[in-house]
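Participant: Next one to model:
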Amino acid sequence: MRGKQESLEIVERALLACRVDEAQVVLRTRRLETTTYADNHVEQDKSESSESVCLRVRHAGREVWGVTHRCDDASLVRLADELARTARDSSPEYPLPPLAGPQQYPETQPYAPLTALWTREQRAEAVALMVEQARGNGLVASGTYRTAVRQVAIGNTSGLRAFESRTDAGINAMVRGTGGSGYGDAYARDVAQLNPLDVVEQAISKALTSAAPTAIEPGEYEVVLEQNAVADLIRCLRPGFSARAVREGQSALLGKRDHMVTGPLVTLIDDAPFADGLHSSFDFEGTPRQRVALLSEGVETGLVHDTRTAAVAGTASTGHAAEPVEECVSDPVASSIFMEHGEAELENMIGAVRRGLLVSRLSRLRVVDPREALVRGETQHGTFLIEDGVLSRAVGDLRFEERPLDALRGIEQITRERKLVVDDASGEPRCIIAPALLLRRFRFTEGVEL
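Facilitator: Modelled structure (predicted):
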């Protein structure tokens, strides 16, 4: 991996290649080590390294983006010249916000040296222990164990320079048996904080207790959503907190500022430097990340901005510019959401339900209508009937159609314990720190064939 000095030297060379009014350079470097296992055997162990230089150039009110995966001078000059020609031939845009000048960043500790030094032998040893546990219970395990080092260097013609090196690690296990399945996962900056046996035991427990599920009639039920399921639900709401989505009418929060949109027990905050998350100190424009209260006691109180959406709204960027994707700019994104905890314990929440369901995870999620935040999906890896405060039996997975904002109006209890859940399918890890919830109602439309 490149260090700070070498990375910023590449940024300087890229800026020198840009003979335009203004320019910004984002250098991203990543090393991802992954051990994949399936059917109780290690399937693949691979190391992937990637690097990209993203140029943002402006000329006479026009802005274009471009990406190269080479850092030599010839490649940087070629991309810069190509973008300059494109900018000169483009139509002027609305007034562009100025590029930020030098910034001060909060002190964070996003880099754990042990994670960067973790070996394939150490991952393989952990996977072997997990597989042994599954096999000993007559179950089959699959999943991944990965460690990552990510570096970002940013510079622009207004004098901004920023560099950060971050690590993250994650383990997941999906365990199957006769008729039942379970899932477990854990994430951290420091790989030493992960316990592979805890992860697989989460999955084994669910797989054993969900064996031989029976059918149940669809309909509205009281429901206890475990932490992973709550994170799945919040993930569906994430795009709606973008200022651009609201402005363009693609969010259920349009016109809801300072209005109650959920029950009063819901407080959601985006806080990237939050100690328990995968924190970072600046976004992909080099703007310091700000703490944003998205929902405060059920009231919509804030949206996330990049410099473009902030300029339109007449405010300042909150430091939520997303990673650039090839030739376009993504919507600002709430990448580190945490939900305020309550005081309940999971066992007590189950005990408070006369007849309802315990849901471990949600899957196959699809936002059908972002303007209504209408979501379809199904339960997965452990769904259980609760009768008179006791888990009575496992039931088959159920499909649902629900508006998460409506469902969150009916929160009755929230656990004190929360869990970090990470989604890194988009490239940069995005995290949600979620408690478990007891909801007054949740609508299930049909059973999934057993």
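
Participant: just checking, what packs against the helix or strand containing Asn172?
Facilitator: If you go by DSSP states H and E, Asn172 is part of strand 161-176. On a contact count with 3 or more CB pairs under 8 Å, 6 or more residues apart in numbering; DSSP states H and E, strand 161-176 meets helix 4-17, helix 113-117, helix 120-136, strand 140-156, strand 181-188, helix 196-209. The way it works is simple: take the backbone N, C-alpha and C, and place the C-beta from them, glycine included.

Participant: Can you report how many residues neighbour Pro218?
Facilitator: When neighbours are defined as other CB atoms under 10 Å, Pro218 has 14 of them.

Participant: before we move on, the earlier item: would you format the helices and strands packed on strand 161-176 as CSV with mean pLDDT, distance to Arg371 and mean neighbour count included?
Facilitator: Listed next are the helices and strands packed on strand 161-176 as CSV, based on pLDDT from 0 to 100; distance: least, CB to CB, whole Å; neighbours: other CB atoms under 10 Å:
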stretch, mean pLDDT, distance to Arg371, mean neighbour count
helix 4-17, 95, 40, 18
helix 113-117, 96, 41, 15
helix 120-136, 96, 43, 17
strand 140-156, 96, 33, 23
strand 181-188, 96, 31, 22
helix 196-209, 96, 35, 21
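
Participant: Output these in a markdown table; the columns should cover distance to Asp72.
Facilitator: Below are the helices and strands packed on strand 161-176 laid out as a markdown table (distance: least, CB to CB, whole Å):
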| stretch | distance to Asp72 |
| --- | --- |
| helix 4-17 | 9 |
| helix 113-117 | 26 |
| helix 120-136 | 30 |
| strand 140-156 | 16 |
| strand 181-188 | 36 |
| helix 196-209 | 41 |
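
Participant: Arg78: which of the ones you listed is closest?
Facilitator: For Arg78, the closest of those is helix 4-17, at 8.6 Å, according to CB to CB.

Participant: Next, the angle strand 161-176 makes with that closest one.
Facilitator: If you take axes from the mean of the first three to the mean of the last three CA atoms, to 10 degrees, helix 4-17 sits at 120 degrees to strand 161-176.

Participant: Residues in contact with helix 4-17: which ones?
Facilitator: 2, 23, 25, 27, 29, 53, 55, 71, 73, 76-77, 79-81, 151, 153-157, 161, 163, 165 (CB atoms under 8 Å, 6 or more residues apart in numbering).

Participant: Show the end-to-end separation of stretch 221-229, please.
Facilitator: From its first residue to its last, stretch 221-229 covers 16 Å (CA to CA, to the nearest Å).

Participant: what's Val200 in contact with, if anything?
Facilitator: Val200 is in contact with Leu129, Met130, Gln133, Ala134, Ala141, Ala173, Val175, Gly184, counting by CB under 8 Å, 6+ apart.
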